[in-house]
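[1] sequence and predicted structure, then a few things I'm wondering about:
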Amino acid sequence: MAQDNNARIAEEVLAAVGGKENVPFVTHCITRLRFKLADESKIDHDALGSIKGVLTSQKVGDQFQVVIGQNVGKVYEALLEIGGFDAQAPVDENLDADQGPLTTAKVGAAIMGYLSGSMVAIIPIMMAAAMMKTVAVVLGPDMLNLFAADSAIITLLNMVYNAGFYFLPFYLGYTAASKIGVTPVLGMMVGGLLMEPTFMQMAADGTPFSVFGIPCTPLNYAQTVLPILLAIWLMSYVEKFFKKVIPDMLSTVFTPFLTMAVMVPLTYCVCGPIGSLLGDFIGNFLFDLGGNGGIVAALVMGVIGASWEFLVMTGMHQVLIALGIANLAQSGVESFVFPASIAATVSCFGIALGAFLKLKEKDEKSINFGYFISGILGGVTEPTLFGLCFKHKRCFLGVIAGGFCGALYAGLAHVSIYILGAANFAMLFNYIPGGTANLVNGCISCAITFVVAAVVTYLFGLSTEELEADRKAAELAA
């Protein structure tokens, strides 16, 4: 029945956005279907809003987003089957042709769309790998001490972790190419250039090298993000050029050959070094802020925690997510963006419980308890935000206060996360690879967030008029 329900949602959503002919590209994130539409005037907003299983919809940048919840992956699979879409279909390049002059905002949105779209696609790899590391830490000498650090099982779990993170350039070569419209296997080949064993050995030995006579300093690009993303972005123009000028009868052989001939020096001599410098700068900056930044950095994290859900509703959180994923991918630890975002998520659990405890009318209490359960078990905060906070706007005070306090503590305690895990109670696993102290401080951060959000909502989240209306409704129901 669940699969039938997902198929129904997919079919009704597709019809409401104008049918498959109106959808050049569709992808999804953790809770939302993300459409690129040829003609947004064809959206039937009334029909979309009435679909059971759709929480809300909104326009963010050049995307039309339909909020589904934790089952969005299954709905997406059904949508692909119903519409005959390609799961890795590139965005139609003509889609933005008539959208007016190029602006800074559009450039920024395009960059963030490319970064987040490329990196979100590798989250399953990072989650699987990091969970292996978590199990290794739990079973190893740092916690339960069931196995020695050099035992076969711990070694194997660490090998799986390394397989996930070490070869990131290779994985990103595929996802970035798919996102931007480059031939995916050529994108993988560029990732292979950065991971080629001889080149990696040159980097380890400090051996000088040249590419077609151009000086090149070999560097270790394992676990890096920006070098391959820069390379694939340039490659999109290179491959497009050769596809345009080479006759069709010769294109099969000479387009990939000439594309790679150009990309080899660009990758080794330009994209690699520049991307590595940018990645090191971003990673060190965020790590220093999160791990060693003191009270100023902790306050900034508090502000992020307080404002995160508002950023999510506008799509502006993608900038921070892209930076956080890049930092986590490159260093294996993230101490700034994601500890703050976790606090913001937990604040939604707290305000749902606070409203449940304060309200008296049976149906209202039942709905808000459902919001609490859907959040803490399912990791879905949209029902709380759109169903509770937009109805009782003072409940946003709980989101702000809880997110700020929990993120502030996380910054002061230097809490770090090692996994991009679930958004429900299992998010506590994110802290385990950092050891017992990190896990304890992470739990304290979440507890502070939850309690503050619930208390603030209980005391201040509902106006006198709203409480009086709720009391009368409860009396009538009785």
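    That came through fine.

[2] wait, a helix at Lys243?
    Yes - residue state for Lys243 (DSSP: H, G, I helix; E, B strand; the rest coil) corresponds to a helix.

[3] wasn't Thr27 part of a strand?
    Yes - using three-state DSSP, the secondary structure at Thr27 is a strand.

[4] what pairs with it across the strands?
    Arg34 (DSSP bridges).

[5] quick one: contacts for it?
    33-34, 76, 117 (CB atoms under 8 Å, 6 or more residues apart in numbering). C-beta coordinates here come from the backbone N, C-alpha and C atoms, glycine included.

[6] excluding chain neighbours, what is closest to Gly435?
    What sits nearest to Gly435 in space, not counting adjacent residues and going by CB to CB, 6 or more residues apart in numbering, is Asp142, at 5.6 Å.

[7] so what's the one you found scoring on pLDDT?
    Note on Asp142: pLDDT of 74.

[8] how many residues are close by it?
    Each residue near Asp142 was counted by other CB atoms under 10 Å, and the total is 15.

[9] what's the spacing between the residue nearest in space to the middle of the chain and Lys365?
    Nearest to the geometric centre of the chain sits Val120, at 5.1 Å (CA atoms, centre = their mean). Look at Val120 and Lys365: by CB to CB, to the nearest Å, they are 36 Å apart.

[10] surely Met260 is in contact with Leu186?
    Yes - when contacts are counted by CB atoms under 8 Å, Met260 is listed as touching Leu186 (6.9 Å).

[11] and those two? Which one has more around it.
    Comparing Met260 with Leu186 by other CB under 10 Å, the one with more neighbours is Leu186, at 21 against 17.

[12] now the more buried one. Nearest residue, chain neighbours left out?
    The spatially closest residue to Leu186, leaving aside those adjacent along the chain, is Pro256, at 5.9 Å (CB to CB, 6+ apart).

[13] again, but for Cys395
    Gly461 is the one closest to Cys395 (CB to CB, 6+ apart), at 4.2 Å.

[14] show the pLDDT at that neighbour.
    Value listed for Gly461 in the pLDDT field: 90.

[15] list the contacts for it?
    Here Gly461 is in contact with 351, 354-355, 358, 392, 394-395, 397-398 (CB under 8 Å, 6+ apart).

[16] which of the contacts of Thr27 count as buried?
    Listed as buried from these are 33-34, 76, 117; burial here means 16 or more other CB atoms under 10 Å.

[17] in CSV: these, plus distance to Ala426 and pLDDT.
    Shown next, in CSV, are these (distance: CB to CB, whole Å; pLDDT from 0 to 100):
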residue, distance to Ala426, pLDDT
Leu33, 23, 90
Arg34, 24, 89
Tyr76, 22, 91
Gly117, 25, 74
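
[18] which one of these is nearest Thr384?
    Leu33 (19.8 Å; CB to CB).

[19] distance of the closest one relative to Thr27?
    Counting by CB to CB, the gap from Leu33 to Thr27 is 8 Å.

[20] overlap in contacts, those two.
    With CB under 8 Å, 6+ apart as the test, Leu33 and Thr27 both reach Tyr76.

[21] hang on, the residue nearest to Gly435 in a strand?
    No - read with three-state DSSP, Asp142 is coil and lies in no strand.

[22] pull out the buried residues from whichever strand or helix holds Ala129.
    Element membership of Ala129 [criterion: DSSP states H and E] is helix 123-139. Within helix 123-139, the residues that count as buried by 16+ other CB under 10 Å are 125-127, 129-139.

[23] with distance to Tyr371 and pLDDT added, can I get these in CSV?
    Below are these laid out as CSV (distance: CB to CB, whole Å; pLDDT from 0 to 100):
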residue, distance to Tyr371, pLDDT
Ile125, 32, 83
Met126, 29, 76
Met127, 25, 71
Ala129, 32, 80
Ala130, 29, 72
Met131, 28, 77
Met132, 33, 84
Lys133, 33, 80
Thr134, 29, 77
Val135, 32, 84
Ala136, 36, 84
Val137, 33, 80
Val138, 31, 81
Leu139, 36, 88
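
[24] including distance to Ala163, could these go into JSON lines?
    Formatted as JSON lines, the buried residues of helix 123-139 follow (distance: CB to CB, whole Å):
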{"residue": "Ile125", "distance to Ala163": "9"}
{"residue": "Met126", "distance to Ala163": "11"}
{"residue": "Met127", "distance to Ala163": "13"}
{"residue": "Ala129", "distance to Ala163": "7"}
{"residue": "Ala130", "distance to Ala163": "12"}
{"residue": "Met131", "distance to Ala163": "13"}
{"residue": "Met132", "distance to Ala163": "9"}
{"residue": "Lys133", "distance to Ala163": "11"}
{"residue": "Thr134", "distance to Ala163": "15"}
{"residue": "Val135", "distance to Ala163": "15"}
{"residue": "Ala136", "distance to Ala163": "13"}
{"residue": "Val137", "distance to Ala163": "17"}
{"residue": "Val138", "distance to Ala163": "20"}
{"residue": "Leu139", "distance to Ala163": "19"}
